[in-house]
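K.L.:
need the 3D shape of this:
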Amino acid sequence: MKVCNKNFPLLWLAPVLASTMFSAQTSASENFFEALSSGKVSGSLRLRSETVDDSVNKDAHAATLRTRLGYTTADYQGFSGTLEFDNTSVFAGQDRYAPETPGYAVVADPRVSELNQAFVRYQSAFGVAAQLGRQRIVLDNQRFIGAVGWRQDDQTFDALHTRYQHNNLTFTYAYVDKVNGITPAFDADVSHHLANINYLWTPALNSTAYLYRLNDDKDTLSADKNSRTAGVRLSGKTAAGAATIQYTGEFAQQSARDFEADYWLAELGITLGNYNLTLGYENLGSDKGAYGFQTPLATKHAFNGWVDKFLNTPVTGLQDIYLRGGLILGDINLALAYHRFAADYGSADYGDEFNAMAQWKLNKNITTGLKYANYQADNFSADTDKFWVWAELTF
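P.N.:
The predicted structure follows:
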């Protein structure tokens, strides 16, 4: 079981900084303790069953319960604090999955007990905000920086995270010295610099530029873990009669040691009433078959199919042509998607994938869902089926 008990400089600096700031305000100690005691408790229980048939290992079945409890203080002279604890446990003895039981297909929800978030936040009256400590960081659509909220143990960062907002301009910078991954295998001591600037010109034009410099402190030679990615993203929406048309275009270039690879995204979508349909093309490029464009901090489950065959981009790159649709029926959300995968370098066809999901919001606190994903392999990996059933209570 993963238990958080190590010294992480930015994480443990947060409470020290908080106590220093608050103790300097001794004349207002009553207001300070009132802020501590009048905060908000939050929490959730998420029970999920996941089955996996990957055509290689024994069929997996994982039943896991994620329990989360958090507390955020009230504001005190612009400062507040957040603590959040997580526990993921096996439910009803259903642990026939790796890494819990070797020989079975992987379900990336190991037993975990940890301090998930612990940060001090400052919000000024001039649009400047800063968070110091362990926290989630989500940028844009999470294609490069995300929280991986689908997994029971999400991804957090020990970081100094700053943001400036003024009218339609948002600038974000974060320095990260530890990544706390969805399993212990993805934990890493790092020196990451994340910069992102966004400007909303009109609803029809939203522009973003970003620069992400990733450095792994221990594995300094791995191109997958040490890279520089710079990119631009344009998106927007406009009315077309009773419908709304959405578009997204994005380009990024990544350099890693002696390699370079490009990223392209083009999407066109339409929403009409409760229906939506999107056609997209995503290309994670290759450097002549020696290196594929990587997104190690992304919420990868949301991209390139729910089977998660392409969490690491193959060295020959990845082209993903996809069509997805959705329908809202009252409190029920339905979603379908089809992906066609191929190499960027060479002519290999990787395979096809079909995804389907139904999610029902029973009330403001309870959500249930079903999800299915089927990958049919051509020249990459093996046929795989995954099926999920879940229920979540939030408070």
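K.L.:
show me where pLDDT drops low in this structure?
P.N.:
1-30 (pLDDT under 70).
K.L.:
output the contacting helices and strands for the longest strand anywhere in it.
P.N.:
If you go by DSSP state E, the chain has its longest strand at strand 79-96. Packing contacts for strand 79-96, counted by 3 or more Cβ pairs under 8 Å, 6 or more residues apart in numbering; DSSP states H and E, involve helix 9-23, strand 40-53, strand 60-72, strand 112-123. (C-beta placed from N, C-alpha, C; glycine too.)
K.L.:
if we go to 10 Å?
P.N.:
In terms of contacts (3 or more Cβ pairs under 10 Å, 6 or more residues apart in numbering; DSSP states H and E), strand 79-96 is packed against helix 9-23, helix 29-37, strand 40-53, strand 60-72, strand 112-123, strand 128-135.
K.L.:
can you tell me the SS state at E392?
P.N.:
strand (DSSP: H, G, I helix; E, B strand; the rest coil).
K.L.:
which strand residues bridge it?
P.N.:
With DSSP bridges as the criterion, E392 is bridged to R46, T367.
K.L.:
again, but for Q123
P.N.:
A129.
K.L.:
hang on, the earlier thing: any chance of the helices and strands packed on strand 79-96 in CSV, with mean neighbour count and distance to V106 too?
P.N.:
Below are those laid out as CSV (neighbours: other Cβ atoms under 10 Å; distance: least, Cβ to Cβ, whole Å):
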stretch, mean neighbour count, distance to V106
helix 9-23, 16, 28
helix 29-37, 13, 42
strand 40-53, 17, 7
strand 60-72, 20, 7
strand 112-123, 21, 15
strand 128-135, 22, 26
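K.L.:
could I get those as a markdown table with distance to F303?
P.N.:
Shown next, in a markdown table, are the helices and strands packed on strand 79-96 (distance: least, Cβ to Cβ, whole Å):
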| stretch | distance to F303 |
| --- | --- |
| helix 9-23 | 28 |
| helix 29-37 | 40 |
| strand 40-53 | 19 |
| strand 60-72 | 22 |
| strand 112-123 | 23 |
| strand 128-135 | 23 |
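K.L.:
nearest to N312, out of these?
P.N.:
With Cβ to Cβ as the criterion, N312 lies closest to strand 40-53 of those, at 17.8 Å.
K.L.:
centre of the chain to the closest one, how far?
P.N.:
Offset of strand 40-53 from its chain centre (Cα atoms, centre = their mean, to the nearest Å): 16 Å.
K.L.:
again, but for stretch 136-152
P.N.:
2 Å.
K.L.:
what's the answer for stretch 329-345, then?
P.N.:
Here the centre of stretch 329-345 is set off from its chain's centre by 18 Å, with Cα atoms, centre = their mean.
K.L.:
alpha carbons only: can I get it in PDB?
P.N.:
Only the C-alpha atoms of stretch 329-345 are listed here, as PDB (Å, rounded to 0.1, in the frame of the first residue of the first chain):
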ATOM      1  CA  LEU A 329     -31.700  12.700 -22.200                       C
ATOM      2  CA  GLY A 330     -32.700  14.600 -19.000                       C
ATOM      3  CA  ASP A 331     -30.300  13.400 -16.300                       C
ATOM      4  CA  ILE A 332     -28.700  10.800 -18.600                       C
ATOM      5  CA  ASN A 333     -25.600  11.500 -20.700                       C
ATOM      6  CA  LEU A 334     -24.900   9.100 -23.600                       C
ATOM      7  CA  ALA A 335     -21.600   9.000 -25.500                       C
ATOM      8  CA  LEU A 336     -20.200   7.100 -28.500                       C
ATOM      9  CA  ALA A 337     -16.800   7.300 -30.200                       C
ATOM     10  CA  TYR A 338     -14.800   5.500 -32.900                       C
ATOM     11  CA  HIS A 339     -11.000   5.800 -33.400                       C
ATOM     12  CA  ARG A 340      -8.900   4.700 -36.300                       C
ATOM     13  CA  PHE A 341      -5.200   4.500 -35.400                       C
ATOM     14  CA  ALA A 342      -2.100   4.400 -37.600                       C
ATOM     15  CA  ALA A 343       1.600   5.200 -37.400                       C
ATOM     16  CA  ASP A 344       2.900   8.700 -38.300                       C
ATOM     17  CA  TYR A 345       6.200   7.300 -39.600                       C
END
